[in-house]
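>>> Below: sequence and its predicted model.
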Amino acid sequence: MDIADSFVRYWYFHLPNFVLAALMYTMLGRFLLGLFVDADSPNYIWRFFCRFTDPVLSAIATVTPKAVPPAIVWLFGFVWMFWLRIVFHYTLLVLNLAPRLAGGGS
C-alpha cells in the first residue's frame, strides 16, 4: 500500500489528526511569538495565529481559571490538543480502525 492509497483509505484518521496537529503547533507558535510581539500587533503572522486558535482557546478558557494569564492558556491549549490526538489515535487503535505499519511481524 503506497502513501496516497493509505491517505484515501484512512482519511478519517489522517484528516482529524492533521487538523489537531496544526492547531497544536499553531498554539505553541502563538506562545513563542507572544514572547516577542504585542497582543495588538498588526503582524500578519500573529494575526493568523490569533484567528486560527481563538475559537479553540475560547473553549479551553471556559475550563481554565480566570486568574491564569493568556500565555498559560495557550500552553494549556497545546497540551489539550496533544492529549486529544493521543486519545483519538488510541481510540481508533482499540476499534481496529487506525492505519498499521506495513511489513509488520508474523
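Sure, I can see it. These numbers were taken from a predicted model, which means no experiment stands behind them.
>>> from here on, contacts and neighbour counts on C-alpha atoms
Will do.
>>> Low-confidence bits of the chain, can you list those?
1-2, 102-106 (pLDDT under 70).
>>> Now do the helices in it.
For the chain, the helices defined by DSSP state H occupy 3-9, 11-34, 44-62, 70-94.
>>> who wins for proximity to residue 100 among those helices?
With C-alpha to C-alpha as the measure, helix 70-94 is the member of the helices of the chain nearest residue 100 (8.9 Å).
>>> now the helices of the chain in JSON lines, with mean neighbour count?
Shown next, in JSON lines, are those (neighbours: other C-alpha atoms under 10 Å):
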{"stretch": "helix 3-9", "mean neighbour count": "11"}
{"stretch": "helix 11-34", "mean neighbour count": "17"}
{"stretch": "helix 44-62", "mean neighbour count": "14"}
{"stretch": "helix 70-94", "mean neighbour count": "16"}
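>>> I figured residue 34 hits residue 72, correct?
No - in this structure, residue 34 is not within contact of residue 72 by C-alpha atoms under 8 Å, at 11.0 Å.
>>> contacting residues for residue 48?
If a contact means C-alpha atoms under 8 Å, 6 or more residues apart in numbering, then residue 48 has no contacts.
>>> gap between it and residue 86?
26 Å (C-alpha to C-alpha, to the nearest Å).
>>> How about residue 72?
Relative to residue 86, and taking C-alpha to C-alpha, residue 72 is found at 21 Å.
>>> Same check on residue 3?
Between residue 3 and residue 86 the distance is 22 Å, computed by C-alpha to C-alpha.
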